[in-house]
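*Asks:* the following comprises the amino acid sequence and a computationally predicted model.
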Amino acid sequence: MSTDTPAATPTVETHAFQADVQQVLQLVIHSLYSNKDIFLRELVSNASDACEKLRFEAIADPALMADDSELTIDLAVDADARTLTLRDNGIGMSHDELVQNLGTVAHSGTRRFLDSIAAGQKVDAQLIGQFGVGFYSAFIVADSIAVTSRRAGHDDAWIWRSTGDGQFSIEPASADTPRGTTLQLHIREDASDYLQAWKLRSLVRTYSDHVGFPIRMAKPAANEDAEAEAATELEVVNQASALWTRPKTELSDDDYKAFYKHVSHDFADPLAWTHNRVEGNQNFTSLLFLPEHAPFDFQHSRDERKGLKLYIKRIFIMDAAEQMLPAYLRFASGVIDSDDLPLNVSRELLQESKQVERIKGALTKRVLDMIEKIARDEPEKYTGFWNAFGATLKEGVAEDASNRERVLKLLRFPTTRSESAEQRVSLDDYIGRMAGLQEDIYYITAESWNAARNHPKLEALKARGIEVLLMHERIDDWMSGYLHEYEGKKLRNVAKGEIDLDKLGDAQDKAKQEETAKAAAPLVERIKAALGDKVKDVRVSNRLVDSAACLVVDEYDMSLQMQRLFQAAGQAAPASQPILEINPEHALLQRLQAAPDDDARTADYATLLFEQAMLAEGGHLDDPAAFIARMNRLLVG
Ligand code: ADP
Ligand code: MG
């Protein structure tokens, strides 16, 4: 650029929106068309974020706020000019931040939003809400937007303009632009409602009442004469105090619901909440919510947890879900406001702090209390909760040894008496139904509901009327490694070790069983010889009634299912060979027993038994083609 360019010609730069932004814009405008109101909430929430950011930065650099220390958000309309103006004196944006924040898909929320659409998610208001693609929602009601901003501590100010059609421009703003951001929306013809002050007032009260900064508007004129005068007089239209600092008695359910939507970006009402003030050697307030539905990307968010906002003495510090809530409760959201933590606390410091450890303990307890209450008082609601978050809660059995008993109490499983996978019982229900001499809690893990309920290993227990918990979710097998005892009762995996059916009142069978085993001993030896090192052992089963054979592992060996998960994840699993258990009463084994010792078909039969048992486990065959050939040989033969 030549140096003699007249200074009077302001330089207007034109930028194209990142391609993705264009896409987001179109989606937002179309899918939120019938939900226009939310634009105001989004913009107010951005203004509030900007005020919080400034207050936070001012802890280290008080000069940033010295020129104007009362943080406010002002709303004004000009019906003739068709403009709605929203101004905050928060952190503001520099030239580069305007380009970056309003022109690209920089933040992870929008990125994930796009990825999810690419993955075929249906776009609706609910979905968009979850990501906070907030700013662009202004284009639902505005055909052009001007954002004038000066970042705190900077001398230069800038104006960003766009009509939402593919590009935006940036030009310098006048030097007397105050700190913070002013949005001027030129309102579309079909959105004229938003030019009416009463409408805006009512939206602020409904959606933004809890915002911790005063939201001000011109006082309504009492009469025509007073109009001019009133136009300059501002009044605060929201509560303007952080909601969680207000006494519970002053707060209505609607207040909590609106606040929940603000912190969680959920469009639906929360399932439950708990609001507490703790005083003593730790002073803090917590307000925690449980959602009704899982956000659709919920399972991916284990490593990037958001939703618990840490405030220190009313100042927003950071998202601290990772430090203050265990991962298995990551569906909970809300705020924690501590009086004792230092304002300059860092993430690393939080990680090591004993104080934080104690707060985390207290919050964990609160969330569990809240879940227990629903489980106890509202079973139907609890079913909904369990459908959405049961699998997540199960992680707690492994993750939180100190609360394991409480988490176990909350678990629900279908059993051999359930008619569908959705018919579940608690461990307490199960214990209440235990009859006769049964002392232990029995369960089986399998890869699906059908594999679990039809599992051959259940046959003997079923025949004796013993109920078995059917664990068929992906996480169950892993979790079962941490299931040892509940209420003094042993939890026993039916697929592992030997089951002592004698204990279950079958003493009279014992002699018969021993006899059968003795008679089958030569057969067992033959099968063992045929299978070689495919198995650790072959033995007569006491679990089978209708099936010919099954595979089990020793009590302390890794389950077959777990070994498969390891292999699928490309990890070397400690290989433990299974044990083949046979049912000598079964016709197939009877035939094998009757065959001469040197029958060439023995090897085929034995291998087939092993392969069948493997398939019943949901396992994979090493050599499926050989299996088919073998089966056909026997079918033909
Ligand atoms: P989000 O609020 O979820 O980050 P938005 O689309 O609402 O997404 O806003 C995008 C970004 O623009 C914000 O993260 C923030 O950096 C910036 N921004 C928006 N409004 C303001 C404002 N009033 N003051 C300062 N920065 C703002
Ligand atoms: Mg926002």
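*Replies:* In hand now; what should we look at? Ligands and ions are numbered 1, 2, ... in the order given.
*Asks:* hey, let's count contacts and neighbours off CA atoms from now on
*Replies:* Noted.
*Asks:* ok, residue 16 - contacts?
*Replies:* Each residue near residue 16 by C-alpha atoms under 8 Å, 6 or more residues apart in numbering is listed here: 103, 166, 167, 168.
*Asks:* now do it against residue 161, distance only.
*Replies:* Using C-alpha to C-alpha, to the nearest Å, one obtains 12 Å as the distance from residue 16 to residue 161.
*Asks:* now the common contact residues for the two.
*Replies:* When C-alpha under 8 Å, 6+ apart defines a contact, the residues bordering residue 16 and residue 161 alike are residue 168.
*Asks:* any idea how far residue 599 is from the most centrally placed residue in the chain?
*Replies:* Closest to where the C-alpha atoms of the chain average out (C-alpha atoms, centre = their mean) is residue 298, at 3.5 Å. Separation of residue 298 from residue 599 (C-alpha to C-alpha): 58 Å.
*Asks:* quick one: mean pLDDT over the strand or helix carrying residue 316.
*Replies:* Here residue 316, judged by DSSP states H and E, is contained in strand 315-319. In this model, strand 315-319 has a mean pLDDT of 87.
*Asks:* what of stretch 370-378?
*Replies:* On average, stretch 370-378 scores 97.
*Asks:* run through the bridge partners of the nearest residue to residue 148 once chain neighbours are set aside.
*Replies:* Counting by C-alpha to C-alpha, 6 or more residues apart in numbering, residue 148 lies nearest to residue 159, which is 4.3 Å off, once chain neighbours are set aside. Taking DSSP bridges as the rule, residue 159 bridges to residue 148, residue 171.
*Asks:* go on, residue 549?
*Replies:* Residues in beta-bridge contact with residue 549 (DSSP bridges): residue 582.
*Asks:* hmm, it is touching residue 582, no?
*Replies:* Yes: using C-alpha atoms under 8 Å, residue 549 makes contact with residue 582 at a distance of 4.3 Å.
*Asks:* what do those two both touch?
*Replies:* In contact with both residue 549 and residue 582: residue 541, using C-alpha under 8 Å, 6+ apart.
*Asks:* ok, now which ones touch residue 477?
*Replies:* Contacts of residue 477 (C-alpha under 8 Å, 6+ apart): 445, 446, 471, 559, 561, 562.
*Asks:* the second one contacts residue 616, doesn't it?
*Replies:* No: using C-alpha under 8 Å, residue 446 and residue 616 do not qualify as a contacting pair, with a distance of 9.7 Å.
*Asks:* neighbour count: the two, which is higher?
*Replies:* Neighbour count, other C-alpha atoms under 10 Å: between residue 446 and residue 616, residue 446 has more, with 23 against 19.
*Asks:* give me the phi and psi angles of the more buried one.
*Replies:* phi -150, psi 170 (degrees, to the nearest 10).
*Asks:* what does the chain have sitting close to ligand 1?
*Replies:* Selection of the chain residues close to ligand 1 by C-alpha under 6 Å from any ligand atom yields 46-47, 50, 91-93, 101-102, 132-136, 181.
*Asks:* give me that answer again for 8 Å
*Replies:* 42-51, 87-88, 90-93, 97-98, 101-102, 107, 109-110, 131-136, 149, 180-183 (C-alpha under 8 Å from any ligand atom).
*Asks:* just checking, which of the contacts of residue 477 belong to strands?
*Replies:* 445, 471 (DSSP state E).
*Asks:* ramachandran angles for the residue lying farthest from the centre of the chain?
*Replies:* Seen from the C-alpha centroid of the chain, the residue lying at the greatest distance (C-alpha atoms, centre = their mean) is residue 596, 60.7 Å away. Main-chain torsions, residue 596, degrees, to the nearest 10: phi -70, psi 150.
*Asks:* quick one: it and residue 363, what's the gap?
*Replies:* 70 Å.
*Asks:* what's the answer for residue 233, then?
*Replies:* 44 Å.
*Asks:* these two: which is more packed in?
*Replies:* A direct count of neighbours by other C-alpha under 10 Å for residue 233 and residue 363 places residue 363 higher, at 21 against 13.
*Asks:* what distance do you get for the more buried one to ligand 2?
*Replies:* 27 Å (C-alpha to the ion, to the nearest Å).
*Asks:* just residue 455 next, same as before
*Replies:* Using C-alpha to the ion, residue 455 is found at 52 Å from ligand 2.
*Asks:* just confirm that residue contacts residue 618, I think it does.
*Replies:* No: look at residue 455 against residue 618 with C-alpha under 8 Å: they stay out of range, at 10.0 Å.
*Asks:* ok, those two, which is more surrounded?
*Replies:* residue 455 (21 against 18).
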